[in-house]
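Undergrad: fold the following, please.
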Amino acid sequence: MHRTQLLVLMFALACLPAPSAGAAEPAPAAEGAADVARIDGERIDRVLSGYVASGKLPGVSALVYQDGREAYFGAFGQADREAGRPMARDTLVQIFSMTKPVTGVALMQLWEQGRFQLDDPVARHLPEFAGIRVYAGTDVHGKPLLETPARAPTIRDLMRHTAGLVEGNGAAGPLGELYRRADPENLDHALAEEVRRIARVPLLYHPGRRWVYSPAVDVQARLVEVLSGQPFDAYLQEHVFDPLRMHDTRYTLREADRARLAALYMRSDDGVMSRVADAEALKLNGRKRALTPGSWGLVSTLDDYMRFSRMLLEGGELDGARILQPATIRLMASDALPASIGLTERSWLPGKGQVGFGIDFAVRTASPRTANEPSGEVGEFFWDGAANTLFWVDPANRIAAVLFAQWLPPGTMPLHKAFRDAVYHDDTSAAAPR
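TA: Model (predicted):
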């Protein structure tokens, strides 16, 4: 084990509480919290059920734990409107980008084992990145101008979205066109081929100078394969899902799963929800595909993802299963963005509130300042998914929360803010001004 990891682990072990024969006392709220969040189930019910009753949503569900105990569960409306199947606790949903934190946890397990350093150049482990260049505009003939990066992209860059990678298939401009021609995200490509094709596309910017959301987490998944010697999905199963007893989280649906899967809907500009054809909605999950992306693609249930969230809240361990060390969780949940990356270089990240970015999580760095911001406690870390799923971990209030819905595109209704505001209504350090 590298000395850096060893020191982190020694510090983490020294911080663990002494064993006790009785039940552990809940940790006190962090200093500075004006009021501890009080979970009011009736208030949350009114918010979530109101979205369904008004016809804005087919269905929604949520689960909140506080101090190691279930503090709230609610499910409203339909998981499958056309079949008349209600949203339930065991409903399976596509979590899209909430796959990313799972990938980050997997890669950080290998970091703890000394398999890599965060500031290793990506090319040290994935040689296809050795000659990567940076896009610098076009010449008079419209051909891309390329230059040498000021420094090589690192694994830390991949994990905080500062590596310089283009946004993905939706990217604009000449670089977006080059990316689409390379076709890295074809579901018939395994991760190794996807990453080779990503590495053929020039970088959008010099590493470390901007925050741009990208398929960098797919590159992380490939690193897991290279460093562990296992296929990514097999690694997740053995080292994350099985130890945490996440029995319903996977890429490929089993036949028995289909009766519990929520339909996916598309919301029009005038608020009409139309069902996405199952063939399109399940193009990854409906059958075994070569690609197991680290950025998206898992299906899960409220209880499964809550077990993952509670593990993070409990410092990397749940019910005797140690996934990561506490110091590693603290590292992941600390803002890692360089101070030189100002608000104008952070793309849409500031739209999530007073946040920075750690290792595959957004990290709340200050209390909400305006009524339009979502409520949340300083020190919280979180992420969401394209179909409007959400989770967060709040160490100060000992809260883990998971919210499930299934509609596209993301952010077209203020569901996340409404849910957060209901949870933190009584916590004056976390509630948005009202």
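Undergrad: which parts of the stretch 101-250 of the chain are helices?
TA: Counting by DSSP state H, counting those that start in this stretch, the stretch 101-250 of the chain has helices at residues 122-125, 155-160, 173-182, 191-200, 216-228, 232-236, 242-244.
Undergrad: worst mean pLDDT among those?
TA: Across the helices of the stretch 101-250 of the chain, helix 173-182 has the smallest mean pLDDT, namely a mean of 95.
Undergrad: and it, how far out from the chain middle?
TA: 25 Å (C-alpha atoms, centre = their mean, to the nearest Å).
Undergrad: and the angle for that helix with helix 191-200?
TA: 150 degrees (axes from the mean of the first three to the mean of the last three C-alpha atoms, to 10 degrees).
Undergrad: re earlier: turn the helices of the stretch 101-250 of the chain into CSV, including mean neighbour count and distance to Leu57.
TA: For the C-beta atoms, the positions are set from N, CA and C on the backbone; glycine is no exception. Listed next are the helices of the stretch 101-250 of the chain as CSV, based on neighbours: other C-beta atoms under 10 Å; distance: least, C-beta to C-beta, whole Å:
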stretch, mean neighbour count, distance to Leu57
helix 122-125, 19, 40
helix 155-160, 24, 33
helix 173-182, 16, 32
helix 191-200, 20, 33
helix 216-228, 24, 28
helix 232-236, 21, 30
helix 242-244, 17, 29
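Undergrad: got those as TSV, with distance to Met108 columns?
TA: Shown next, in TSV, are those (distance: least, C-beta to C-beta, whole Å):
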stretch	distance to Met108
helix 122-125	15
helix 155-160	8
helix 173-182	27
helix 191-200	18
helix 216-228	10
helix 232-236	13
helix 242-244	15
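Undergrad: select the longest strand from this structure.
TA: The longest strand of the chain (DSSP state E) is strand 69-80.
Undergrad: pLDDT averaged over that strand - what is it?
TA: Computed over strand 69-80, the average pLDDT equals 98.
Undergrad: what packs against the helix or strand following that strand?
TA: The helix or strand immediately downstream of strand 69-80 is strand 85-86, counting by DSSP states H and E. Applying 3 or more C-beta pairs under 8 Å, 6 or more residues apart in numbering; DSSP states H and E, we find strand 85-86 packed against strand 69-80.
Undergrad: only the buried residues of the strand it packs on, if you could.
TA: Neighbour-count burial for strand 69-80 flags Ala71, Tyr72, Phe73, Gly74, Ala75, Phe76, Gly77, Gln78, Ala79, Asp80 (criterion: 16 or more other C-beta atoms under 10 Å).
Undergrad: of those, closest to Pro231?
TA: Ala79 (30.4 Å; C-beta to C-beta).
Undergrad: in space, what's closest to the closest one - neighbours in sequence excluded?
TA: Ala262 (4.1 Å; C-beta to C-beta, 6 or more residues apart in numbering).
Undergrad: look up how far Ala431 lies from the one you found.
TA: Using C-beta to C-beta, to the nearest Å, we find Ala262 at a distance of 30 Å from Ala431.
Undergrad: same drill for those two, tell me which one is more crowded.
TA: A count of neighbours by other C-beta atoms under 10 Å puts Ala262 above the other of Ala262 and Ala431, at 26 against 22.
Undergrad: please report phi then psi for that one.
TA: phi -70, psi 140 (degrees, to the nearest 10).
Undergrad: renumber starting at 21 from here on
TA: Will do, 21 is the new start, and the previous item becomes Ala282.
Undergrad: that one reaches Gly79, doesn't it?
TA: Yes: at 7.0 Å, Ala282 counts as touching Gly79 under the criterion of C-beta atoms under 8 Å.
Undergrad: list residues touching both of those two?
TA: Counting by C-beta atoms under 8 Å, 6 or more residues apart in numbering, the shared contacts of Ala282 and Gly79 are Ala99, Met107, Gln426.
Undergrad: what's the closest of the residues you listed to Leu130?
TA: Nearest member of the shared contacts of Ala282 and Gly79 to Leu130, counting by C-beta to C-beta, is Gln426, at 32.3 Å.
Undergrad: tell me the contacts of that closest one?
TA: Pro78, Gly79, Ala99, Val113, Gln114, Ala282, Ala283, Leu284, Tyr285, Ala407, Asn408, Thr409.
Undergrad: give me the number of residues near the fourth one?
TA: What that stands for is Val113. 28.
Undergrad: so how far is the strand or helix carrying it off the chain centroid?
TA: Val113 belongs to strand 113-114 when assigned by DSSP H and E. Centroid separation for strand 113-114 versus its chain: 14 Å, with C-alpha atoms, centre = their mean.
Undergrad: likewise stretch 420-433?
TA: Computed by C-alpha atoms, centre = their mean, the chain-centroid distance of stretch 420-433 equals 13 Å.
Undergrad: what's the answer for stretch 208-217, then?
TA: Computed by C-alpha atoms, centre = their mean, the separation of stretch 208-217 from the middle of its chain amounts to 21 Å.
Undergrad: output that stretch as PDB, nothing but the C-alphas.
TA: These are the backbone C-alpha positions of stretch 208-217, laid out as PDB (Å, rounded to 0.1, in the frame of the first residue of the first chain):
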ATOM      1  CA  ASP A 208     -22.400  -2.800 -28.500                       C
ATOM      2  CA  HIS A 209     -19.000  -1.600 -27.400                       C
ATOM      3  CA  ALA A 210     -17.500  -2.900 -24.300                       C
ATOM      4  CA  LEU A 211     -15.900  -0.400 -21.900                       C
ATOM      5  CA  ALA A 212     -12.400  -1.000 -23.400                       C
ATOM      6  CA  GLU A 213     -13.600  -0.100 -26.800                       C
ATOM      7  CA  GLU A 214     -15.700   2.900 -25.600                       C
ATOM      8  CA  VAL A 215     -12.600   4.300 -23.800                       C
ATOM      9  CA  ARG A 216     -10.300   3.800 -26.800                       C
ATOM     10  CA  ARG A 217     -12.800   5.800 -28.900                       C
END
